[in-house]
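Undergrad: how would this look folded up:
(2 chains)
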There are 2 protein chains.
Amino acid sequence: MPIKDGWFAESEVMWPGQAMMLKVEEVLYEGRTDFQDVLVFRSATYGTVLVLDGVIQVTERDEHAYQEMITQIPMHCHPDPQNVLIVGGGDGGVLREVCRHPGVQRITMCELDPLVVSISKRYLGASTASAFDDQRLTLVHADAAQFVKDQLSVYDVVIVDSSDPVGAAETLFTADFYMSLRRAMRPGAIMCNQGECVWLHLSLIAEVLKHCREVFPSVDYAFTTIPTYPSGQIGFLICSTTPGHVLRQPVREPEPAVAASLKYYSPAVHAAAFVLPGFAEKVVAAD
Amino acid sequence: MPIKDGWFAESEVMWPGQAMMLKVEEVLYEGRTDFQDVLVFRSATYGTVLVLDGVIQVTERDEHAYQEMITQIPMHCHPDPQNVLIVGGGDGGVLREVCRHPGVQRITMCELDPLVVSISKRYLGASTASAFDDQRLTLVHADAAQFVKDQLSVYDVVIVDSSDPVGAAETLFTADFYMSLRRAMRPGAIMCNQGECVWLHLSLIAEVLKHCREVFPSVDYAFTTIPTYPSGQIGFLICSTTPGHVLRQPVREPEPAVAASLKYYSPAVHAAAFVLPGFAEKVVAAD
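TA: Prediction:
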């Protein structure tokens, strides 16, 4: 039971010796799906909070940082993304960000756990999970590695919004999976994957980057600040099927309506997100 | 007593509803000075930790992010800093960073609380508090507002490494104090002050920036990531006595020996640190 004396404390799965605590006003949901433990609570100062297997996934106060950056960076690395695949992302935040783009024609979301979607719609429907009724969406509940396996040249942008690479999401960080994704991507397509935190998992990041570089000709790494993720930051692996693609500069400005709706992302933030602290830059930089 | 069941939890002074926890291996010191409560413990995964009034000041694992950025940004905004004033900074981290520069001839540290210095030397002597025997240092234990009051045109760089603006440090965030500092600064001098976190204190930051802009002709705001500060980030108010000084670009490269000794700062990191999330940029940008 992660709530004690009115405070939720994050479990230490991948970050031993440290834990974020949030003050709880009311537990809204607690249960177990076929895949994971789910907890939803109303916090004192971070709005509604979604927790999977003891790890904070979404707080209404800061989720925009993650959702915007994992989505808008790859969307603005592509000149005209029309067909988008979201792997995971059951809370609906990445979907909301993709839906801002009027040029997108088809969105496929492959989320393993249907209950995460229904719980998010119920408790985060006005904030994070606000775009599930978009007519462009096809929602599939399947294992993503299986789902993309036989698809050829379909997607312009692929966003892998997975949980951490322990347990169910482990296969989503392998060269095999990246290879399947690449086959499913059109020429010029961009892939963006949740990429952990340089303060916590630098050697894991180096390993996953190596897998990416085996598969994609252009690979880079960016990050966003986000208070309620471990150590206050999370990174992104950004890959292009185009050799020599400079991912740290957006290839286009956000359309005015998109720009006006964003709280975190801007072209300047895009570029700065790729500049890493010295200790991380050394490890992340391509050989 | 902030330690319970072997975990230290930060007090919520200025960030209600959230708290960082660190696992404690051994309490090394616990006491009260004339000014504040002091706690030093060996943590499971962040090295030795210094806590003042319930708030984490230093962990050996991540302190370099803060110490380098609050110091190396202003040091690299000045072409030839020779005389440096440190206000606060009793843990010695800023001093260590200033001492890396062979061109510096005099360093004055004005730290209110002598016990913070002696405790830091005892428990962080091999890491953060490693430069107190530098021959260029004059250490003064006094109220900084009083100390700088009658000084005229003395310093090239002033670094205000204070605790948060509640209690003793409150006067260090006022226009009056900035005015005294400015008088104590030489033409072309740079001032850098701890500037809280955009995720937590945006209206406070806007207010303090206003004070800075009343006093200094060039003012800007940067930030660093740092896992053990509230929300994982902290900002800096950076001010120049020179009108039109573009602070977001360093005026010189770090000397090779300095560059080799740094873990976080680089010229690219300097520039990127001034790029704020959209929601913060709106508030922080000059009118």
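
Undergrad: show me which residues of the stretch 101-250 of chain A sit near chain B.
TA: Residues of the stretch 101-250 of chain A found near chain B (C-beta under 8 Å from any C-beta of the partner chain) are A:199-200, A:223, A:225-228, A:230-233. Backbone N, C-alpha and C define where each C-beta goes, glycine included.

Undergrad: nearest to chain B: which residue in the stretch 101-250 of chain A?
TA: Across the stretch 101-250 of chain A, no residue is closer to chain B than A:Gly232, which sits at 1.3 Å (C-beta to the nearest C-beta).

Undergrad: what sits closest to that residue if chain neighbours are left out?
TA: Nearest residue to A:Gly232 in three dimensions, chain neighbours excluded: B:Gly232, at 1.3 Å (C-beta to C-beta, 6 or more residues apart in numbering or on different chains).

Undergrad: name the SS class of A:Pro254, please.
TA: coil (DSSP: H, G, I helix; E, B strand; the rest coil).

Undergrad: OK, contacts around the residue of the stretch 101-250 of chain A closest to chain B?
TA: Counting by C-beta atoms under 8 Å, 6 or more residues apart in numbering or on different chains, A:Gly232 makes contact with A:225-226, B:225-227, B:231-233.

Undergrad: can you pull out the helices in the stretch 101-250 of chain A?
TA: Using DSSP state H, counting those that start in this stretch, the helices found in the stretch 101-250 of chain A span residues A:114-123, A:144-148, A:175-184, A:202-215.

Undergrad: of the residues of the stretch 101-250 of chain A next to chain B, which belong to strands?
TA: Taking DSSP state E, the ones among these that sit in strands are A:223, A:225, A:233.

Undergrad: picking that back up, with pLDDT added, can I get the residues of the stretch 101-250 of chain A next to chain B in CSV?
TA: Converted to CSV, those look like this (pLDDT from 0 to 100):
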residue, pLDDT
A:Trp199, 97
A:Leu200, 95
A:Phe223, 98
A:Thr225, 98
A:Ile226, 98
A:Pro227, 98
A:Thr228, 97
A:Pro230, 95
A:Ser231, 96
A:Gly232, 97
A:Gln233, 97
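
Undergrad: residues near A:Ala44, how many?
TA: A:Ala44 has 15 neighbours, counted by other C-beta atoms under 10 Å in any protein chain shown.

Undergrad: got the contact list for it?
TA: A:Ala44 makes contacts with A:22-25, B:16-17, as judged by C-beta under 8 Å, 6+ apart.

Undergrad: same check on A:Val58?
TA: For A:Val58, the contacting residues are A:48-50, A:91, A:93, A:120, A:124, A:128, by C-beta under 8 Å, 6+ apart.

Undergrad: recalculate using a threshold of 6 Å.
TA: Listed by C-beta atoms under 6 Å, 6 or more residues apart in numbering or on different chains, the contact partners of A:Val58 are A:50, A:91, A:128.

Undergrad: three-state assignment of it?
TA: Strictly by three-state DSSP, A:Val58 counts as strand.

Undergrad: need the pLDDT of it.
TA: Predicted confidence (pLDDT) for A:Val58: 98.

Undergrad: gap between it and chain B?
TA: 15 Å (C-beta to the nearest C-beta, to the nearest Å).

Undergrad: the closest residue in space to that residue that isn't next to it in sequence: what secondary structure?
TA: Spatial nearest neighbour of A:Val58, chain neighbours left out: A:Leu50 (4.3 Å); criterion: C-beta to C-beta, 6+ apart. What three-state DSSP gives for A:Leu50 is strand.

Undergrad: and for A:Leu50, the neighbour number?
TA: Using other C-beta under 10 Å, A:Leu50 is surrounded by 27 other residues.

Undergrad: so A:Thr108 makes contact with A:Leu85?
TA: Yes. Here A:Thr108 reaches A:Leu85: they are 5.0 Å apart, a contact under C-beta atoms under 6 Å.

Undergrad: between the two, point out the one with more neighbours.
TA: Counted by other C-beta under 10 Å, A:Thr108 and A:Leu85 do not tie: A:Leu85 has more neighbours, with 28 against 20.

Undergrad: helix or strand for that one, just tell me which one.
TA: Here A:Leu85, judged by DSSP states H and E, is contained in strand A:83-88.

Undergrad: tell me which residues in the helix or strand following that strand are buried?
TA: Sequence order places helix A:93-99 as the next helix or strand after strand A:83-88, per DSSP H and E. Counting neighbours by 16 or more other C-beta atoms under 10 Å in any protein chain shown, one finds that the buried residues in helix A:93-99 are A:93-99.

Undergrad: now render these as a markdown table, adding pLDDT and distance to B:Ser266.
TA: Listed next are those as a markdown table, based on pLDDT from 0 to 100; distance: C-beta to C-beta, whole Å:
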| residue | pLDDT | distance to B:Ser266 |
| --- | --- | --- |
| A:Gly93 | 98 | 32 |
| A:Val94 | 98 | 31 |
| A:Leu95 | 98 | 36 |
| A:Arg96 | 98 | 35 |
| A:Glu97 | 98 | 31 |
| A:Val98 | 98 | 34 |
| A:Cys99 | 98 | 38 |
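
Undergrad: what residue lies at the spatial centre of chain A?
TA: In chain A, the C-alpha nearest the mean C-alpha coordinate belongs to A:Asp161, at 3.2 Å (C-alpha atoms, centre = their mean).

Undergrad: so which strand or helix has A:Arg42?
TA: In this structure, A:Arg42 sits in strand A:37-43 according to DSSP H and E.

Undergrad: buried set for that strand?
TA: Buried residues in strand A:37-43 (16+ other C-beta under 10 Å): A:38-41, A:43.

Undergrad: same thing with stretch A:230-242?
TA: Neighbour-count burial for stretch A:230-242 flags A:230-242 (criterion: 16+ other C-beta under 10 Å).

Undergrad: for that stretch, C-alpha coordinates in PDB please.
TA: Taking C-alpha atoms only, stretch A:230-242 is exported to PDB below (Å, rounded to 0.1, in the frame of the first residue of the first chain):
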ATOM      1  CA  PRO A 230      12.000  10.400 -10.900                       C
ATOM      2  CA  SER A 231      14.700  13.100 -10.500                       C
ATOM      3  CA  GLY A 232      12.500  15.700 -12.200                       C
ATOM      4  CA  GLN A 233      13.600  14.900 -15.800                       C
ATOM      5  CA  ILE A 234      12.900  12.400 -18.500                       C
ATOM      6  CA  GLY A 235      14.500  11.900 -21.800                       C
ATOM      7  CA  PHE A 236      13.500  10.900 -25.400                       C
ATOM      8  CA  LEU A 237      15.200   8.800 -28.000                       C
ATOM      9  CA  ILE A 238      14.500  10.400 -31.300                       C
ATOM     10  CA  CYS A 239      15.300   8.500 -34.500                       C
ATOM     11  CA  SER A 240      14.900   9.200 -38.200                       C
ATOM     12  CA  THR A 241      14.900   6.800 -41.200                       C
ATOM     13  CA  THR A 242      16.700   9.600 -43.100                       C
END
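
Undergrad: just give me how far that stretch sits from the chain centre.
TA: Centre-to-centre, stretch A:230-242 and its host chain are 9 Å apart (C-alpha atoms, centre = their mean, to the nearest Å).

Undergrad: what residues are up against A:Gln82?
TA: By C-beta under 6 Å, 6+ apart, the contact set of A:Gln82 is A:105, A:156.

Undergrad: how about 10 Å then?
TA: A:Gln82 makes contacts with A:101, A:103-106, A:136, A:155-157, A:186, as judged by C-beta atoms under 10 Å, 6 or more residues apart in numbering or on different chains.

Undergrad: phi first, then psi, for it.
TA: Per-residue torsions, A:Gln82: phi -110, psi -30 (degrees, to the nearest 10).
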